[in-house]
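> Mind folding the following:
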Amino acid sequence: MATVFQARDPHAALRAAQKATVAVAGVAIPPARIMREMQHHWADTPHEAWQAAARALAVRELLLAEARRLGLKAEPRDDGEGRIETDEEALIRAVAESQIVAPEPDEASCRRYYERNLHRFRSAELCEASHILLPARPDDAPARALQREKAEALIARLAEEPSDFSRLAEVHSACPSRTSGGCLGQIKRGDTVPEFEAALAALRPGEIARQPVETRFGFHVVRLDRRIAGRQLPFELVGARIAAYLAERARRLATAQFLAVLGERFGVEGIDLPRPADLGAMYRPHPMSRTP
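Residues are numbered from 1 along each chain as shown. This is a model prediction of the structure:
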C-alpha cells in the first residue's frame, strides 16, 4: 500500500512565532517591525530569521531603556562618508562605550592560549599530486560506466610502467593540467572535492591509487607525488591574531552578561537574549541615513 507523506510547511513555525508577544519593559514590539527587521538577518529558515530579528530589536530596546535610565546623552557621529547616526544609535553606542568593559588580553595570557592550543597554529599540510581526469556527468550512467573502465585500464597500464603517467595524462585527461603531465601543483585540505582529498590521504608519496577515484566530475587516476607536513607557526607570527580573538571573546562575554543584567532589570518576554556566541556585534546598527 502506498504511503503519502505530507510536505512540511516551512512557514508554520514562523506563523506560530508571530502569534507570540515579544516585549521589553512591558512594551510589545510590533510583529510588523520584526518582519521589516528580518531582511537584515540571514538564516536557514524564516522562523530562524524571525527569531534573530526579534532578538536584535529586543537588545536594541534594552539598551535604549538603560540609556534613558542613566540619563545619557550622545552626539550622533558622522561615519566619514556623509552619513550620520540617528539619535537612538548614538545612545546605544554611548551605553556600550560607558557600561560594557572587557579586559584587554596581555602578552602572558596570549602566550598561555598559544601553548594550550598549539595544534591550532600550524601551517596546512600540502600535497603535490597529479591526476588523469576522464569526465562524465553525474546523470549519465552509460558514460560513467565507460569512463570507469577506461580509468581501470589506465591504472593497469601504469602498474606495469608508472613512468608513463605524464604521457597518458597528456593523451587522455580532460583537465587543463594535462599540459603539465597531469600535475596539479601544491594543494591543501579543502582545495579539492572530498573524494579526491580522501584518496590522497590514503596514498604514500609516489603511489598511484589502485582504483579510480569517482567524483561528480567523472573518474580520476590519482598519484600522490609529495606530501609536505605542516609546520608549527611561531608565537610572534600569530600573537596579534590571538590577542584580537581573546579581546573579541571577552567583549562578547561581557556584552552577554550586561544584557542578562538588563533583561532582569527591565524584563524581556517572548525571546531569549543572545549568548556570547551569538554576538558577532552587540547590536545590529541600522543604516545611518541622515545627512548632516
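
> how far does stretch 23-30 sit from the chain's center?
Taking CA atoms, centre = their mean, to the nearest Å, one finds the center of stretch 23-30 at 33 Å from the center of the full chain.

> which of the residues in it are buried?
Applying a neighbour-count criterion of 16 or more other CB atoms under 10 Å, the buried positions in stretch 23-30 are 23-25, 29. Placement of C-beta: from N, CA and C, glycine included.

> before we move on, what about stretch 133-141?
Residues of stretch 133-141 classed as buried by neighbour count (16+ other CB under 10 Å): 133-134, 136.

> From start to finish, how long is that stretch in a straight line?
17 Å (CA to CA, to the nearest Å).

> gap between it and the chain center?
In terms of CA atoms, centre = their mean, the gap separating the centre of stretch 133-141 from the centre of its chain is 31 Å.

> what pLDDT, on average, does it get?
Mean pLDDT, taken over the full extent of stretch 133-141, equals 95.

> what about the residue nearest to residue 182 when sequence neighbours are not counted, helix or strand, and which?
Nearest-residue entry for residue 182: residue 169, 3.2 Å, with adjacent residues in sequence omitted and distances by CB to CB, 6 or more residues apart in numbering. Using DSSP states H and E, the element containing residue 169 is helix 165-172.

> so what's residue 167 closest to, chain neighbours aside?
Leaving out its chain neighbours, the residue that sits closest to residue 167 by CB to CB, 6+ apart is residue 181, at 7.6 Å.

> since we're on that neighbour, how many residues are nearby?
Residue 181 has 15 neighbouring residues, counting by other CB atoms under 10 Å.

> Also residue 69?
Residues contacting residue 69 under the criterion other CB under 10 Å number 13.

> again with residue 225
By the criterion of other CB under 10 Å, residue 225 has 18 neighbours.

> Give the full set of residues in contact with it.
127-130, 183, 205-206 (CB atoms under 8 Å, 6 or more residues apart in numbering).

> so, if you compare those residues, which one comes nearest to residue 262?
residue 127 (51.6 Å; CB to CB).

> can you pull out the strands in this structure?
For the chain, applying DSSP state E gives strands covering 23-24, 27-28, 126-135, 183-188, 213-215, 218-228, 268-269.

> what would the ones you listed look like in a markdown table with distance to residue 85?
As requested, the strands of the chain are exported to a markdown table (distance: least, CB to CB, whole Å):
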| stretch | distance to residue 85 |
| --- | --- |
| strand 23-24 | 21 |
| strand 27-28 | 23 |
| strand 126-135 | 47 |
| strand 183-188 | 43 |
| strand 213-215 | 51 |
| strand 218-228 | 50 |
| strand 268-269 | 25 |
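
> of all those strands, which lies closest to residue 252?
Counting by CB to CB, residue 252 lies closest to strand 268-269 out of the strands of the chain; the figure is 18.7 Å.

> Show me how far the closest one is from its chain's centre.
Averaged over its C-alpha atoms, strand 268-269 has a centre that lies 30 Å from its chain's centre (CA atoms, centre = their mean).

> do the same with stretch 62-70
In terms of CA atoms, centre = their mean, the centre of stretch 62-70 is set 33 Å apart from its chain centre.

> Go ahead and produce CSV holding the CA coordinates of stretch 89-106.
Below are the C-alpha coordinates for stretch 89-106, written out as CSV (Å, rounded to 0.1, in the frame of the first residue of the first chain):
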residue,chain,number,x,y,z
GLU,A,89,22.1,54.8,17.5
ALA,A,90,24.2,57.4,19.3
LEU,A,91,22.5,56.5,22.6
ILE,A,92,23.1,52.8,22.0
ARG,A,93,26.8,53.4,21.3
ALA,A,94,27.0,55.6,24.4
VAL,A,95,25.6,52.8,26.6
ALA,A,96,28.0,50.3,25.1
GLU,A,97,31.0,52.5,25.5
SER,A,98,30.3,53.6,29.1
GLN,A,99,28.8,50.4,30.6
ILE,A,100,30.5,47.4,28.9
VAL,A,101,34.0,46.9,29.9
ALA,A,102,36.0,43.9,28.7
PRO,A,103,39.6,43.2,29.8
GLU,A,104,42.3,43.5,27.1
PRO,A,105,44.5,40.4,26.9
ASP,A,106,48.1,40.9,27.9
